[in-house]
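**Student:** How does the following fold in three dimensions:
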Amino acid sequence: MRPARPGGPYVSTMEFDSAEDFRAWMKSDSFKAAHSDVDAPGMQAPSAIELFDVLEDFSA
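**Tutor:** Numbers count the residues shown, from 1 in each chain. The predicted model follows:
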């Protein structure tokens, strides 16, 4: 998601089946390629990872 105000952080959300899948993605060539363009919008700011656990999973 692009920030609503200039200088705000970009936010990306993803869902993985396991922590091991997440770590494998972080080491993948596709991750490295997607994060290699330091001039792309949002890549100048420091990045951070926040992890969350699903409390309830349901389908509507």
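**Student:** okay, CA-based contacts and neighbour counts for the rest of this
**Tutor:** OK.
**Student:** Show the residue spans covered by the strands in the chain.
**Tutor:** When secondary structure is read from DSSP state E, the chain shows no strands.
**Student:** longest single helix anywhere in it?
**Tutor:** Criterion DSSP state H: the longest helix present in the chain is helix 19-26.
**Student:** what sits up against it?
**Tutor:** 16, 31-32 (Cα atoms under 8 Å, 6 or more residues apart in numbering).
**Student:** With stretch 30-45 instead?
**Tutor:** 9-10, 25-26.
**Student:** CA-only coordinates of it, as CSV, when you get a sec.
**Tutor:** What follows is stretch 30-45, C-alpha atoms only, in CSV (Å, rounded to 0.1, in the frame of the first residue of the first chain):
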residue,chain,number,x,y,z
SER,A,30,12.6,-13.5,-6.6
PHE,A,31,12.8,-11.7,-3.3
LYS,A,32,16.3,-10.4,-4.1
ALA,A,33,15.2,-9.2,-7.5
ALA,A,34,12.1,-7.5,-6.2
HIS,A,35,14.2,-5.6,-3.6
SER,A,36,17.3,-4.8,-5.7
ASP,A,37,16.1,-1.5,-7.2
VAL,A,38,17.1,1.0,-4.6
ASP,A,39,15.5,3.8,-6.7
ALA,A,40,12.0,2.2,-6.7
PRO,A,41,9.4,4.0,-4.6
GLY,A,42,9.5,3.0,-1.0
MET,A,43,13.0,1.4,-1.1
GLN,A,44,14.8,4.4,0.3
ALA,A,45,13.4,4.1,3.8
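**Student:** How far does that stretch sit from its chain's centre?
**Tutor:** When distances are taken as Cα atoms, centre = their mean, to the nearest Å, stretch 30-45 is centred 11 Å away from the chain's centroid.
**Student:** mean confidence score for that stretch?
**Tutor:** Averaging pLDDT along stretch 30-45 gives 79.
**Student:** Tell me where the chain has helices.
**Tutor:** Under DSSP H, the chain gives helices at 19-26, 29-34.
**Student:** Mind putting the contacts of stretch 30-45 into TSV with distance to residue 37 and pLDDT?
**Tutor:** Formatted as TSV, the contacts of stretch 30-45 follow (distance: Cα to Cα, whole Å; pLDDT from 0 to 100):
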residue	distance to residue 37	pLDDT
9	17	81
10	15	83
25	18	92
26	16	89
